[in-house]
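>>> Provided below are the primary sequence and the corresponding predicted coordinates.
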Amino acid sequence: MAKEIRSAAGKKRGLWKSVKQNRACYLMLAPFMLFFIVFTVIPVAMSLPMGFTDFDMVQKPKYVGLSNYTTLFLSDKVFIRSIRVTLIFALLTGPISFALCFLLAWLINELPGKLRTLFTLIFYIPSMASIYFVWQIIFSGDMNGYLNSFLMELGITTEPIQWLTDSRYVLGVTIVVQLWISLGAGFLALRAGFQNIDRSLYEAAAIEGLHSRWQELIYIVIPSMGPQLMFAAVMQIVGSFTAGAVAQNLVGFPSTDYRAHTIMTHAYDYGWVRYEMGYASAICTLLFIAMYICNRLISRGLSKYND
Amino acid sequence: MAQTDIRKLKASNRRAGRKIRGTVAIAVLLTVLGIFMLFPIYLAVMMSVKPVEELFIFPPKLYALRPTLDNYRDLFDAMHQNRVPFSRYVFNSVMVTVSVTVLQCVFASMAAFVLAKCRFPGSKLINSIIVISLLYQSNVIYIMQYVVMSKMGLIDDPLALILPSVASPLALFLMRQSMSQIPDSIIEAAKVDGAGLFRICWQIVIPNQKPALMTLIIFAFQASWNIQSGSLVFQEQYKTLTTAAAQVATSGMARAGVASAVSVFILVPPVIVFILAQRHVIETMAHSGIKE
């Protein structure tokens, strides 16, 4: 924008003219932009200044300088732990779920039409379902839990394992369930991407001497799917950095020893439970920054495929 | 139709040097993975039809010995006992999902068309903002959104369930990607014929975007159907069906069986929409393939 304004400064009249010429464009953009600005841009923009205030939704926000941030990093031990949990969580679920989306979309695409539809549905259903209580029963700590009863029947364990409360297992269980629900928009985008690849490319490749599906993947598929890969990566980043709901619903809030306490859970705690909006804003701002950096890194990595 | 499809695929596979063995192996692998993915869903369905006394037998059974619909009956009974009639929840849910889905598709399509096909002052900036904001479409902004909405007096207003979801950067992004594939020559030709941008968008571009529209509908329906109205509206008469059902699941009187019935009941509509839309997407793609 700044650049455009500067270049336009000399020929202000030219800019005005082209704005007027494109009035129809602005009119068609207007409805979307109006709601986008009110419900997305303003909230995101507000979280930055709000992070410097003390605000409880009742009284006016009070400016407190950097104190929210100093508290976060210097005295909030739970926050420091939540950074670690979020990093472990995001570094495990992000790449694994991305790889899962890609591999499953690829394998499904190798099947004939009817089966494709069926398998796409099967793998997509979990992302629509919120059935945490079933997972709670699967991982239940008594002998009635499906996993415990299964393991005991096989003789692998003799005692039921406290999957949902033992601090050694809490994060692992959360990661499994998060992966289970993570085949969402990114997965569908990759499915469509594979479907759009012209089959004649495969035929041509066979003539050129590529014979395994694996070679096709490397030489045909990946180079022609840059945009979808990027999109899926963004979706999985958002999903893994802002996960919190799974842990809250599965292993309780707060989880044992804060083992599954993500940054998002921390923000939820201060925003919704304690109504300390200033503090919650500071946490959200940090999360925005982390996600943005991560996104830049990935887009740089994929840029050679992106046009 | 299906016959020729399969024959074509076979021929194409032969030319591409595919072996049928590989395809079978892939199908088997996916079936095994699919069973794992569906297992919790299967359990939810089974538990929703188990009578109470079967929920706690040891070792836990993977199926219901005497399936019953009691849990579903209890769920609807409990929702009927609220101060507002059941039909009110249905009405609220239909209102919210239909208005969010329609407005999201209309607004996103128009904006996407302009952003994909027109150059005007500010278009580059808006394009890059949309890509960045994909990152921020999540629960991270709910807290700030809530503050903005309470300043606007939207809390406890039925509009609070609709307005925040109307402009979806995800929908705009997907639509823009899809529309940018349309050749410029078609639009230029329509311009020469004297059609305005608005008419080009509605009569030429959007009718050709069925697959993208279906994708948008899937996402919009899913999001609006599952909307958590609990923190946005407090009056019982504004709550949606899913919220009312979830209330039954978390209230003290509920058993595990009723909770399963709730989640199965909530899951069914999005799955149906997905199945219908997906078939459409595949069909549309098949047609475009034949034309070539």
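Happy to help now that I have it.

>>> residue B:101 is in contact with residue B:221, correct?
Yes. The criterion here is Cβ atoms under 8 Å, and residue B:221 meets it with residue B:101 at 5.5 Å. C-beta: built from backbone N, CA, C; applies to glycine.

>>> can you tell me the closest non-neighbouring residue to residue A:72?
Spatial nearest neighbour of residue A:72, excluding adjacent residues (Cβ to Cβ, 6 or more residues apart in numbering or on different chains): residue A:79 at 5.1 Å.

>>> the host helix or strand of that neighbour: which residues count as buried?
According to DSSP states H and E, residue A:79 maps onto helix A:77-109. Going by neighbour count (16 or more other Cβ atoms under 10 Å in any protein chain shown), the buried part of helix A:77-109 is A:79, A:81-83, A:85-86, A:89-90, A:92-94, A:96-98, A:100-102, A:104-109.

>>> tell me the average confidence for it?
Mean per-residue pLDDT for helix A:77-109: 90.

>>> residues in contact with residue 100?
This is for chain A. Taking Cβ atoms under 8 Å, 6 or more residues apart in numbering or on different chains, we find residue A:100 in contact with A:179, A:182, A:183, A:187.

>>> my bad, chain B
Residues counted as contacts of residue B:100 (Cβ under 8 Å, 6+ apart) are B:162, B:165, B:166, B:220, B:223, B:224.

>>> still on that earlier bit, chain B: which of the contacts of residue A:100 is nearest?
residue A:183 (8.1 Å; Cβ to the nearest Cβ).

>>> surely the closest one forms part of a helix?
No. With DSSP: H, G, I helix; E, B strand; the rest coil as the criterion, residue A:183 is located in coil rather than a helix.

>>> any stretches of chain A with poor pLDDT?
Within chain A, the ranges that satisfy pLDDT under 70 run A:1-11, A:302-307.

>>> quick check: closest non-adjacent residue to the residue nearest to the spatial centre of it.
The centre of chain A sits closest to residue A:239, judged by Cα atoms, centre = their mean, with a distance of 1.7 Å. Nearest non-adjacent residue to residue A:239, counting by Cβ to Cβ, 6+ apart: residue A:182, 5.7 Å away.

>>> phi, psi for the one you found please.
Main-chain torsions, residue A:182, degrees, to the nearest 10: phi -90, psi 0.

>>> wait, doesn't it sit right on residue A:127?
Yes. Taking contacts as Cβ under 8 Å, residue A:182 lies within contact range of residue A:127: 7.0 Å.

>>> tell me the contacts of residue A:123?
A:104, A:108, A:183, A:187, B:33, B:34, B:37.

>>> host element of the last one?
So the one you mean is residue B:37. Assigned by DSSP H and E, residue B:37 belongs to helix B:20-48.

>>> wait, does that helix make contact with chain A?
Yes. Under the criterion of Cβ under 8 Å from any Cβ of the partner chain, chain A is reached by helix B:20-48 at B:22-23, B:26-27, B:29-30, B:33-34, B:37-38, B:40-41, B:43-44, B:47.

>>> cool, stretch B:164-180 as well?
Yes. Between stretch B:164-180 and chain A, judged by Cβ under 8 Å from any Cβ, the touching residues are B:164, B:166, B:167, B:169, B:170, B:172, B:173, B:174, B:177.

>>> return the set of buried residues in that stretch.
Residues of stretch B:164-180 classed as buried: B:164-179 (neighbour count, 16+ other Cβ under 10 Å).

>>> and stretch B:190-201, by the same measure?
Along stretch B:190-201, these residues count as buried under the neighbour rule (16+ other Cβ under 10 Å): B:190, B:195, B:197, B:200, B:201.

>>> could you do stretch A:168-177 as well?
Buried residues in stretch A:168-177, counted by 16+ other Cβ under 10 Å: A:169, A:170, A:171, A:173, A:174, A:175, A:176, A:177.

>>> now, which of the residues you listed sits nearest chain B?
Using Cβ to the nearest Cβ, those come closest to chain B at residue A:177, 8.8 Å.

>>> close to chain B, is the helix or strand where that closest one lies?
Assessed by DSSP H and E, residue A:177 sits inside helix A:170-180. Yes. Contact of helix A:170-180 with chain B (Cβ under 8 Å from any Cβ) involves residue A:180.

>>> could you dump the contacts of residue B:100 into JSON lines and include pLDDT?
JSON lines is the format used below for the contacts of residue B:100 (pLDDT from 0 to 100):
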{"residue": "B:162", "pLDDT": "91"}
{"residue": "B:165", "pLDDT": "88"}
{"residue": "B:166", "pLDDT": "92"}
{"residue": "B:220", "pLDDT": "90"}
{"residue": "B:223", "pLDDT": "86"}
{"residue": "B:224", "pLDDT": "89"}
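
>>> nearest to chain A among those?
Once Cβ to the nearest Cβ is applied, the member of the contacts of residue B:100 that ends up nearest chain A is residue B:166, at 4.6 Å.

>>> ok, residue B:256 touching residue A:136?
No. Using Cβ under 8 Å, residue B:256 is not in contact with residue A:136; the gap is 9.2 Å.

>>> which residues of the stretch 51-200 of chain B score low on pLDDT?
B:58, B:137-138.

>>> and the residue nearest to residue A:280 when sequence neighbours are not counted, what does it touch?
Nearest non-adjacent residue to residue A:280, counting by Cβ to Cβ, 6+ apart: residue A:271, 3.6 Å away. When contacts are counted by Cβ under 8 Å, 6+ apart, residue A:271 touches A:277, A:280, B:143, B:146.

>>> now for these: which two are most distant?
Spanning the widest gap among the contacts of residue A:271 are A:280 and B:146, at 10.2 Å by Cβ to Cβ.
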